[in-house]
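Asker: sequence first, then the predicted structure, then my questions.
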Amino acid sequence: MIVQGETETSFGEELRRLRDARGMSLADLAREVHFDRGHLSKVERSLRGPSVALARACDSALGAEGRLVELAGSVQPSPAQADDLPPAWALEDSPCAVQFHRIAASATPFTNHHEQTAAEARDLYDKLRGHGHAGAPSSLVPLLAAQFGLLRAAVSTARPPVRDRLVLLAAHYAEYAGWMVQECGDDAGALALTRVAATLAASVADGEQGTAAAALRAYTNLRMADVALYRGNGKAVVTLAERTEFVADATTAVRTLAAQRAAQGWALLGRSRECLSALDRADEYAAHEAPHGAGIRLGSSGGGRLREIVRGWCLLDLGRSEDAAALLTAGLAAAPADAHRARALYGVRLSMSYATIGDLQGAWESAGTALARARRVDSAAVRHELRTFGALLRRRRRTNRSIADLQARIDRELFREHHSLRT
């Protein structure tokens, strides 16, 4: 909340102050942000609350540098209490998780050479992660389930220390399967498999695999935070991310990811100061990260320069769309050509940034590229961002034929038949 003297300033009061300072009438602002003049009048008089979309549009139009977004966050109905974390859905609530475990239960190892099994599972994991950057998640989950089942079966006859290697690998397969199940649109299954990964990682004894297992267990909180992010629960995102960032077992790399996720949560809540502080912490952690060794890398590994991308993501949510566009462009420039999932997801965010600042040509071009990628990866996260973008475009399509055409393309992508593991 912005404070002037001893009087708290409401969103409506600050909106009117900024509008008057720019010499804009309500009609001028309505044309700029593509909201009805009467609606804006009610918001200014605090007769109606501001939506997040309205706050972002007005913040950008009036150069408020996130102040209006932050004020909007203070008057929005709270999506949840800070301790209202994603629920522990039962396995039977998730068709994807049920099918995952059915496939895993049928897997039978053909060898008792456990060192070979571990080495081959490790090599295959990297290949499947590579496929995940470019392909549909529904094609990956059965493969992950089968390999998880083989590892679990091998564990039952293995002895230390190879047993801990097998358990840790099974935990990584479960964690990544949870991510892909989330991309299939099944949050319950994502959380169920993430908890399987956490339980397995916790069972690894201290020793050669202990540090990596502890890092994975901490990281599973960030996977749950990712589910909360796409459900609009900023408070749960911050709670889970900061729980991970400050836990003793977290590696520097995990702390970097945790601070970035906390920043996204704070941005979702419109809290600019806390968001920027978290981003600065992430940069500090990243500066002290050791070079990545032979272990499995946690988090996204195929999406360009993550620092710029996450900062751009946050600034878009805070209403600083021009800065967001520059950062997302720089981050995506480093993404591999075949990183279709990352280019689709962040490309939609880039398009929203352009649309918000009125660069409709930039929005059209970047959205066209992102939509072509989205069709290949069939991602629930991408569809979530497309729905948000579509809502933004609906307010503008009457004034621009190209925007109307883009809206139609987004609608086709959202409603086209897609394949998943749902039964």
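Answerer: Yep, it's here. The shown structure was predicted, so the numbers you read here are calculated from the model rather than taken from an experiment. Numbering: from 1, shown residues only.

Asker: please, which helix or strand holds the nearest residue to Phe148 once chain neighbours are set aside?
Answerer: Counting by C-beta to C-beta, 6 or more residues apart in numbering, Tyr173 is the residue found nearest to Phe148 once chain neighbours are left out, at 4.3 Å. In short, each C-beta sits where N, CA and C put it, glycine included. Using DSSP states H and E, Tyr173 falls within helix 162-183.

Asker: which is the next helix or strand following that helix?
Answerer: Immediately after helix 162-183, counting by DSSP H and E, sits helix 187-202.

Asker: pull the helix or strand just after that following helix out as CSV, backbone CA atoms only.
Answerer: Note on helix 187-202: by DSSP H and E, the next helix or strand toward the C-terminus is helix 210-230. The C-alpha trace of helix 210-230 is given here as CSV (Å, rounded to 0.1, in the frame of the first residue of the first chain):
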residue,chain,number,x,y,z
GLY,A,210,22.9,-38.1,0.4
THR,A,211,23.6,-34.6,-0.7
ALA,A,212,21.9,-35.0,-4.1
ALA,A,213,18.9,-36.7,-2.5
ALA,A,214,18.5,-33.9,0.0
ALA,A,215,18.6,-31.3,-2.8
LEU,A,216,16.0,-33.2,-4.7
ARG,A,217,13.8,-33.4,-1.6
ALA,A,218,14.0,-29.7,-1.2
TYR,A,219,13.4,-29.1,-4.9
THR,A,220,10.1,-31.0,-4.7
ASN,A,221,8.7,-28.0,-2.8
LEU,A,222,9.3,-25.9,-5.9
ARG,A,223,7.5,-28.4,-8.1
MET,A,224,4.5,-27.9,-5.8
ALA,A,225,5.0,-24.2,-6.0
ASP,A,226,4.8,-24.5,-9.8
VAL,A,227,1.3,-26.0,-9.5
ALA,A,228,0.3,-23.2,-7.2
LEU,A,229,1.7,-20.6,-9.6
TYR,A,230,-0.6,-21.7,-12.4
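
Asker: is it true that the residue nearest to Phe148 touches Val141?
Answerer: No - Tyr173 is beyond contact range of Val141, at 10.6 Å (criterion: C-beta atoms under 8 Å).

Asker: burial count for the residue nearest to Phe148?
Answerer: Neighbours of Tyr173 under the rule other C-beta atoms under 10 Å: 29.

Asker: separation between it and Asp206?
Answerer: 22 Å (C-beta to C-beta, to the nearest Å).

Asker: and if you look at Arg223?
Answerer: 23 Å.

Asker: with Gly63 instead?
Answerer: Distance, Gly63 to Asp206, by C-beta to C-beta: 54 Å.

Asker: between those two, point out the one with more neighbours.
Answerer: Shown here are Gly63 and Asp206; by other C-beta under 10 Å, Gly63 has more neighbours (13 against 10).

Asker: what's near enough to touch the more buried one?
Answerer: Leu18, Arg22 (C-beta atoms under 8 Å, 6 or more residues apart in numbering).

Asker: pLDDT value on it, please?
Answerer: What the model reports for Gly63 is a pLDDT of 82.

Asker: same check, this time on the one 5 residues further on
Answerer: What the model reports as pLDDT for Leu68 is 85.

Asker: and it, helix, strand or coil?
Answerer: helix (DSSP: H, G, I helix; E, B strand; the rest coil).
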